[in-house]
Structures are given as structure tokens and as C-alpha cells.
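# sequence first, predicted coordinates after that:
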Amino acid sequence: MITSESGPRRLYLMQVATMIVGPLTLPVPCYLIQTRDGKNILIDSGFPLNFQPLPNTPGLQRIEHGKGVIEQLAMIGVRPSDIDILICTHYDDDHAGNHGAFSNARFVVQRLHHEVASAGHPRFALTRSQWDQPVSRYQFVDGDTQLLPGLDLIETSGHVPGHQAVLVHLPQTGPVLLAIDAVAVQTHFAADRSVGPMDADGAGAIASTRKLLDLAERMHPSLIIFGHDGPQWSALKQLPDFFD
Ligand SMILES: [Zn+2]
């Protein structure tokens, strides 16, 4: 039980786009946490506006853009300038759009990830105009970090270097693990999982999956949300509804 005055109070889920990959339709989610002391913490921010993929992206046929993150936040009365913190799980194009719109936000990212991207890794070049913000606006974290009471960042490299998942402790629901792309679909949540074409380091992806399996064993999350799991996503309540 979290008794802190500053801990998470609500978790909103929003789908901002759909990726068509072969026979699969994959949701592109963002998350908003509201804290007891009135802070708005966004986790990821969807595609950049009107983004279209490069033709050689493995398996991806097309992107259907839905209501964007700013439009969806407006549905619950949250303006871009109301976002206090933007947790950047990683800078892939389906996670790192619209950074410039969040004028008051502190960007929280794994230092390793930001360094790899800043050094010119081609995978993150497409979104550079989004995430390449003044360094003073960043809070760089190194490994597993408690961002505030009831909100933990879990370093899960493998999909990309310095990927981070998020563990949120809600007052009623209990612990919710947002696996993000450390485990994109439920069938990958196994110690002997296969790796996907977008996992930069297969052994790392498996190690991070085992780390999250171990965490789940210890923390018994009420809910584990996978990064792009269509069937799971369609059964979850979404903004304006919320988990509390
Ligand atoms: Zn993704």
C-alpha cells in the first residue's frame, strides 16, 4: 500500500495509432499517470505528426493514425503545457513524437539510451527533431530508478540499448507493469521467448524479459500491459476511463 502524498492516483491508457504488420494490427499506446499532488506524467508520446515509415521497416506495411496524444489529453482537460514529466521509454518512432509540444515537461530517459541516440545511431535519426531537446530539460537516469514513491523505472535493454519499462503502484488496482517494448506481446513473456526483428540485441531482450518475469514473481502485478498486444489492448479500458 502506497501512502505517499505524491504517489500515482490514476493511470490512463490511450491508443494513438495502429501499425499494420503482416496479418497483425498492433496498437501504439501512450500512458498518463496523475499523482495525488496533481502532477501529470506522460509515458511515451506516439508517432511524430503525420509520420510515415521508411519503406524498409521490417514487416510494417502501414500506419493508421488515430486521435493523437494531444487530442486525447484534451478530452480529459489536460493541455500539453500541463505535462510535468515525460517518461521516454525509448526513441523509436512509435514512442517519441511531439516532444516539443510539452513545453513544461522534464524528459526522463535512461542516460545510455540518450547517449546512443545522440551519438548518431541511425535507428533514432528519424525522430531526432523530436527528442533532441536542450540538455537542461532532461533528467538522465542510470538503471533501475524510483522516480517518485510508487513509480519505478525498470532498465530493460535489448529491444534497444537503455530501454525502460515502468512499474506503477495504484491505490486500488495495485502494481501495474508497463512492459513497453521489452515485451511487446504476451506470447513473448516467457523465459524461452523468441526475439523480434526490431530487437537490436536478442540475448539482451531475453535477459530483460527474464528480469521482468522475476519482477512479476516478486511483485505480483495486478496487470501487466505489453507494448503492442492487439488482443490484450482491445480488452483494456482506455481514456477517458482509467485505472485507479
Ligand atoms: Zn514500439
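In hand now; what should we look at? Residues are numbered from 1 along each chain as shown.

# from here on, just use CA atoms for contacts and neighbour counts.
OK.

# buried set for the helix or strand bottoming out on mean pLDDT in the chain?
Of all helical and strand segments in the chain, the minimum by mean pLDDT, DSSP states H and E falls on strand 60-65, at a mean of 88. Of the residues in strand 60-65, 60, 62-63, 65 count as buried by neighbour count, 16 or more other C-alpha atoms under 10 Å.

# got the CA positions of the helix ranked longest in the chain in CSV?
In the chain, taking DSSP state H as the definition, the longest helix is helix 202-219. Extracted in CSV, the C-alpha atoms of helix 202-219 (Å, rounded to 0.1, in the frame of the first residue of the first chain):
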residue,chain,number,x,y,z
GLY,A,202,18.4,-10.7,-28.9
ALA,A,203,20.2,-12.0,-25.9
GLY,A,204,19.6,-8.7,-24.1
ALA,A,205,15.9,-8.9,-25.0
ILE,A,206,15.7,-12.3,-23.4
ALA,A,207,17.6,-11.2,-20.3
SER,A,208,15.3,-8.2,-19.9
THR,A,209,12.2,-10.5,-20.3
ARG,A,210,13.6,-12.7,-17.6
LYS,A,211,14.2,-9.7,-15.4
LEU,A,212,10.5,-8.7,-15.8
LEU,A,213,9.4,-12.3,-15.2
ASP,A,214,11.4,-12.2,-12.0
LEU,A,215,9.9,-8.9,-11.0
ALA,A,216,6.4,-10.2,-11.7
GLU,A,217,7.1,-13.2,-9.5
ARG,A,218,8.2,-10.9,-6.6
MET,A,219,5.7,-8.0,-7.0
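
# so what's the gap between the helix or strand just after that helix and the chain middle?
The first helix or strand that comes after helix 202-219 along the chain, using DSSP states H and E, is strand 223-226. Taking C-alpha atoms, centre = their mean, to the nearest Å, one finds strand 223-226 lying 12 Å from the centre of the chain it belongs to.

# and strand 223-226, what does it pack against?
Packing partners of strand 223-226 (3 or more C-alpha pairs under 8 Å, 6 or more residues apart in numbering; DSSP states H and E): strand 174-180, helix 230-234.

# how far out from the middle of the chain is the longest helix of the chain?
17 Å.

# now stretch 191-206
Computed by C-alpha atoms, centre = their mean, the chain-centroid distance of stretch 191-206 equals 18 Å.

# just the buried residues of the lengthiest strand in the chain, please?
Longest strand in the chain by number of residues (criterion: DSSP state E): strand 8-21. With burial defined by 16+ other C-alpha under 10 Å, the residues of strand 8-21 counted as buried are 8-20.

# compute the inter-axis angle for whichever helix or strand comes after it and strand 174-180.
The helix or strand immediately downstream of strand 8-21 is strand 24-35, counting by DSSP H and E. For strand 24-35 and strand 174-180, the angle between their directions (axes from the mean of the first three to the mean of the last three C-alpha atoms, to 10 degrees) works out to 130 degrees.

# point out where this protein drops to low pLDDT.
Along the chain, the parts satisfying pLDDT under 70 run over 1-3.
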